[in-house]
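Participant: Sequence and computational prediction follow.
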Amino acid sequence: MGPLIPQGIIGMEWDLLLALFIGIAFGYVLESAGFSSSRRLAGVFYGYDFTVLRVFFTAGITAMVGVFIMNYLGWIDISLVYVNPTFIWPAIVGGVVMGFGFIFGGYCPGTSVTAAVIGKIDAMVFLVGIFLGIVAYGEFFPVVQEFSVSGNLGRLFVFDSLGISAGWFAFLMIAVALIAFGVTALIEERVNPDSGLTDTKGMSYAVPVLLSLFVGVVLIFTPFQKITGINELAKDELNASVLSNQHFVHPDEVAFKLLNDYHPMVLVDVRSSHDAAQFSLPGSVNIPLGSINQRRWNNILNDQENKVVLYSNGTTEAQQAWIIAKRLGYENIFVLKGGLNGFFETLQTTVPPGLKMEVAFTNRFRQKAIRAFKEQELTTAKDKTPQVVDEPVVTATRGGC
């Protein structure tokens, strides 16, 4: 349901409901396009109606461009989209079976449902055939099980198999579609003169053709990976923030927060859930480094009233998490200087004596803080137990036609 759910525009609870409405809309579009007619669907094999080819090309290119752009903008993460593994020999056999079924029955599975809903008897018979085929395949699956996974090429993209970039593949797909539109229009006009496809009635196809090719050229130079986000900090600004070192919070400030719960600060442990469960600063929220970019943490990391302080054992992991958070557009993000190791080392360090009053105050404060840790008297809010949130198990979304 990208980009609505990944961007937090709607919650997961809307997923199935929206899928229902999208399914109804999809069926309506199929019916409006005449896909409930087996004669129209089978026409592509006889040369008198190429609507199926044009619609499939249009849908494929629209989806391709949409996924390409949304992945680039960071609205979706293509790595989390499930791609069926390529089993080459079963795919060939399945394509042949599907093709013969399409020719003889006049429907594909989706269009047969659309036609059956409006009362087409041939579509209902087709659905019965699908059901019987599913039952038969399930019963005889042990016989074909080994063959069903033969020729495994793994998670394969077409452009990878061709040895070209995703952008060039997108451009070639658009070009092939435009050529197919023109050629099939000429064939259909010759076979079925009443189709009127070549009669433009003063309309010119030059503008949409040139616009489509322009989009293809843009995609050639667009990397097929997520490199940005909607609110991402500019590269120069990010570099300036890193070099300024103003994103570090001194251990004394964190200790003061722990001793006095009213201090405006949110502590975030970016270590693994296992390490956080062993020990974590009281009141901390555990957001493992690997999941820091997930939208589920938006309410915590986007706190505009309190400092959000990231920490790990040292500084490295927290610094990495800080860079990711800043790139995602979070502003009030800081790093505990020295991490947990530096935190306890600082509290046990005595400032050399001097004439200034703050030196004596700092020493007394650190002694109080370290004594509180040793005596386990440190309190934060109402609960002394760290809030350890298990790292979510992210599964790729499966789907298909």
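Facilitator: That came through fine. Numbers count the residues shown, from 1 in each chain.

Participant: can you pull the buried residues of stretch 117-132?
Facilitator: Going by neighbour count (16 or more other C-beta atoms under 10 Å), the buried part of stretch 117-132 is 120, 122-123, 126-127, 130. No exception for glycine: its C-beta is placed from N, CA and C like everyone else's.

Participant: Reformat those as JSON lines; add pLDDT.
Facilitator: JSON lines is the format used below for the buried residues of stretch 117-132 (pLDDT from 0 to 100):
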{"residue": "120", "pLDDT": "90"}
{"residue": "122", "pLDDT": "90"}
{"residue": "123", "pLDDT": "90"}
{"residue": "126", "pLDDT": "92"}
{"residue": "127", "pLDDT": "92"}
{"residue": "130", "pLDDT": "91"}
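
Participant: I'd like the list of these that fall within helices, please.
Facilitator: Among the buried residues of stretch 117-132, the ones falling in helices (DSSP state H) are 122-123, 126-127, 130.

Participant: Show the model's pLDDT score for residue 313.
Facilitator: pLDDT recorded at residue 313 is 89.

Participant: so is it in a helix, a strand, or just coil?
Facilitator: coil (DSSP: H, G, I helix; E, B strand; the rest coil).

Participant: Surely it touches residue 340?
Facilitator: Yes. Taking contacts as C-beta atoms under 8 Å, residue 313 lies within contact range of residue 340: 5.3 Å.

Participant: more crowded one of those two?
Facilitator: residue 340 (20 against 16; other C-beta atoms under 10 Å).

Participant: Might one say that that one is in contact with residue 311?
Facilitator: Yes. The criterion here is C-beta under 8 Å, and residue 340 meets it with residue 311 at 6.3 Å.

Participant: what is in contact with those two at once?
Facilitator: Shared contacts of residue 340 and residue 311 (C-beta atoms under 8 Å, 6 or more residues apart in numbering): residue 281.

Participant: Distance-wise, check residue 54 relative to residue 16.
Facilitator: Separation of residue 54 from residue 16 (C-beta to C-beta, to the nearest Å): 31 Å.

Participant: Looking at the two, which is more packed in?
Facilitator: residue 54 (19 against 9).

Participant: re earlier: looking at the ones in helices among the buried residues of stretch 117-132, spot the one nearest residue 187.
Facilitator: residue 122 (26.0 Å; C-beta to C-beta).

Participant: OK, contacts around that closest one?
Facilitator: Counting by C-beta under 8 Å, 6+ apart, residue 122 has contacts 38, 105-107, 115.

Participant: Of those residues, which is the most crowded?
Facilitator: Most surrounded of those: other C-beta under 10 Å gives residue 107, at 28 neighbours.

Participant: Go ahead and confirm that one touches residue 41.
Facilitator: Yes. The criterion here is C-beta under 8 Å, and residue 107 meets it with residue 41 at 6.1 Å.

Participant: tell me which residues of stretch 47-67 are tucked away?
Facilitator: 48-54, 57, 61, 64-65, 67.

Participant: ugh, wrong one, stretch 310-323
Facilitator: Under 16+ other C-beta under 10 Å, the buried positions of stretch 310-323 are 310-313, 315, 317-323.

Participant: Can you show me the CA trace of that stretch as CSV?
Facilitator: Only the C-alpha atoms of stretch 310-323 are listed here, as CSV (Å, rounded to 0.1, in the frame of the first residue of the first chain):
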residue,chain,number,x,y,z
LEU,A,310,21.2,8.3,21.0
TYR,A,311,23.7,6.1,22.7
SER,A,312,25.6,2.8,22.3
ASN,A,313,28.6,1.3,24.0
GLY,A,314,30.9,3.7,22.3
THR,A,315,30.1,6.4,19.8
THR,A,316,30.3,4.7,16.4
GLU,A,317,26.8,3.0,16.3
ALA,A,318,25.1,6.1,17.8
GLN,A,319,26.8,8.3,15.3
GLN,A,320,25.6,6.1,12.4
ALA,A,321,22.1,6.2,13.8
TRP,A,322,22.3,10.0,14.2
ILE,A,323,23.4,10.4,10.5
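
Participant: Can you give me the separation between residue 192 and residue 293?
Facilitator: As judged by C-beta to C-beta, residue 192 and residue 293 stand 54 Å apart.

Participant: and what of residue 188?
Facilitator: Per C-beta to C-beta, residue 188 is found 49 Å from residue 293.

Participant: Looking at those two, which is more packed in?
Facilitator: Neighbour count, other C-beta under 10 Å: between residue 188 and residue 293, residue 188 has more, with 23 against 17.

Participant: hang on, isn't the more buried one packed against residue 51?
Facilitator: No. Using C-beta under 8 Å, residue 188 is not in contact with residue 51, being 9.1 Å away.

Participant: Report the buried residues of stretch 84-98.
Facilitator: Buried, per 16+ other C-beta under 10 Å, within stretch 84-98: 86-87, 90.

Participant: One more: stretch 277-285?
Facilitator: Buried residues in stretch 277-285, counted by 16+ other C-beta under 10 Å: 280-285.

Participant: for the record, mean pLDDT for it?
Facilitator: Averaging pLDDT along stretch 277-285 gives 82.

Participant: same thing with stretch 210-226?
Facilitator: Here the average pLDDT along stretch 210-226 is 85.

Participant: before we move on, what about stretch 101-119?
Facilitator: 87.

Participant: do stretch 54-66 as well
Facilitator: Stretch 54-66 comes out at a mean pLDDT of 89.

Participant: now stretch 326-340
Facilitator: Mean predicted lDDT for stretch 326-340 stands at 84.

Participant: what's the first-to-last distance across it?
Facilitator: 22 Å (C-alpha to C-alpha, to the nearest Å).

Participant: which residues sit against it?
Facilitator: Residues outside stretch 326-340 that contact it (C-beta under 8 Å, 6+ apart) are 229-233, 238, 241, 247-251, 254, 279, 281, 293, 301-304, 306-315, 318-319, 322, 325, 342-343, 345-346.
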